[in-house]
Every structure is written in structure tokens, then in C-alpha cells.
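K.L.:
Provided below are the primary sequence and the corresponding predicted coordinates.
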Amino acid sequence: MSEERSERKIRVLVAKPGLDGHDRGAKVVARALRDAGMEVIYTGLRQTPEMIAESALQEDVDAVGLSILSGAHMALVPRILELLRENGLDQVKVFVGGIIPDEDIPALLEMGVTGVYGPGTATEAIIDDIRQAVLGAPVN
């Protein structure tokens, strides 16, 4: 890892794809990441996969956190991953939180998602996972 990469703050885009209008969890995670020293860009509600991928490109993020409570994760996540790859953002780590059935988690991880989090996940666990995935070394 380059020295430049380790000296700057981790940049995380937090997005709410689809028609889901509930963003309390996304805001809690965004604040926790910010309090942990990360730069957080919150896109707001009802983002399309195209809007999220374009924001990730424009903001030069290290990670994208998707909050999905609508049940549309198996449609939205693959499209977002595809668009990130098309934009040359293969190195961007993607995390998904929300109401995700256990049986969908292996498929999400196989398609390239770095971490999946359900309700009640400790924000410290998310922070540690992002740091480890982006910085490439155990945190602590």
C-alpha cells in the first residue's frame, strides 16, 4: 500500500438505492463512520444504481455502503457492482446493510460484496471491516 493511501482518510459513499424511503440506519452508520475519522458522502434517498456509481467515481471513494430495506438487493446490488466495474472502480469495496435474508448473503459475497450487515450490527464491526478491507491490514 502506498504511503499516500495510508495518510489520507478513508472515503465512503453511503447510498440508499431504490424506492426505500427509510434512512435512519444509513444515517446512523454514516455518523459512526464520520466519528471514526472517515470522510463520508451521503447521497440521500431513492438513488439509482447509475447515480450511485457516478457518485462513487466523482467522489473517488474507497468504499460504498448500500442500505437496502426494500428487498430489492438481489436486483440492485449486481447492477451497482457492474456499473462500478464499468467505471474502472474494481478496487472499491462494497458493503450492504439492511434487511437481507441469510440465504442471500453467500450470493452477495460471491458477486463481490465485501460485507453484509443486518439490523443490530454494531457500528464498530462495520468500521473495523471497512478499515481492514480498505487498508488491507487488521485494525486494533
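P.N.:
Arrived safely, thanks for sending. Because the structure is predicted, anything quoted here is derived from the model rather than measured.

K.L.:
Can you name the residues bridging to the closest residue to Thr114 other than its chain neighbours?
P.N.:
For Thr114, ignoring the flanking residues on the chain, the nearest one in space by Cβ to Cβ, 6 or more residues apart in numbering is Lys93 at 4.4 Å. C-betas here are computed from N, CA, C, even on glycine. Beta-bridge partners for Lys93, by DSSP bridges, are Ala63.

K.L.:
Hmm, Lys93 is touching Arg131, no?
P.N.:
No - the pair Lys93 and Arg131 does not pass the contact test of Cβ atoms under 8 Å, sitting 10.5 Å apart.

K.L.:
one step back: any idea how far Val77 is from the residue nearest to Thr114?
P.N.:
13 Å (Cβ to Cβ, to the nearest Å).

K.L.:
Please identify which of the two sits among more neighbours.
P.N.:
More neighbours sit around Val77 than around the other of Lys93 and Val77, counting by other Cβ atoms under 10 Å; the figures are 24 against 20.

K.L.:
so is the more buried one in a helix, a strand, or just coil?
P.N.:
Three-state call for Val77 (DSSP: H, G, I helix; E, B strand; the rest coil): helix.

K.L.:
Following the worst-scoring helix or strand of the chain on mean pLDDT in sequence, what is the next regular element?
P.N.:
Of all the helices and strands that make up the chain, the one with the lowest confidence by mean pLDDT, DSSP states H and E is helix 3-7; it has a mean of 51. Moving toward the C-terminus from helix 3-7, the next helix or strand (DSSP states H and E) is strand 11-15.

K.L.:
Pull the distance from that following strand to the chain's centre.
P.N.:
On the basis of Cα atoms, centre = their mean, to the nearest Å, the separation between the geometric centre of strand 11-15 and that of its chain is 6 Å.

K.L.:
Where do the helices of the chain begin and end?
P.N.:
All helices of the chain, identified by DSSP state H, fall at 3-7, 24-35, 49-59, 73-86, 105-110, 123-135.

K.L.:
Now do the same for Val116: its pLDDT.
P.N.:
Val116 carries a pLDDT score of 98 in this model.
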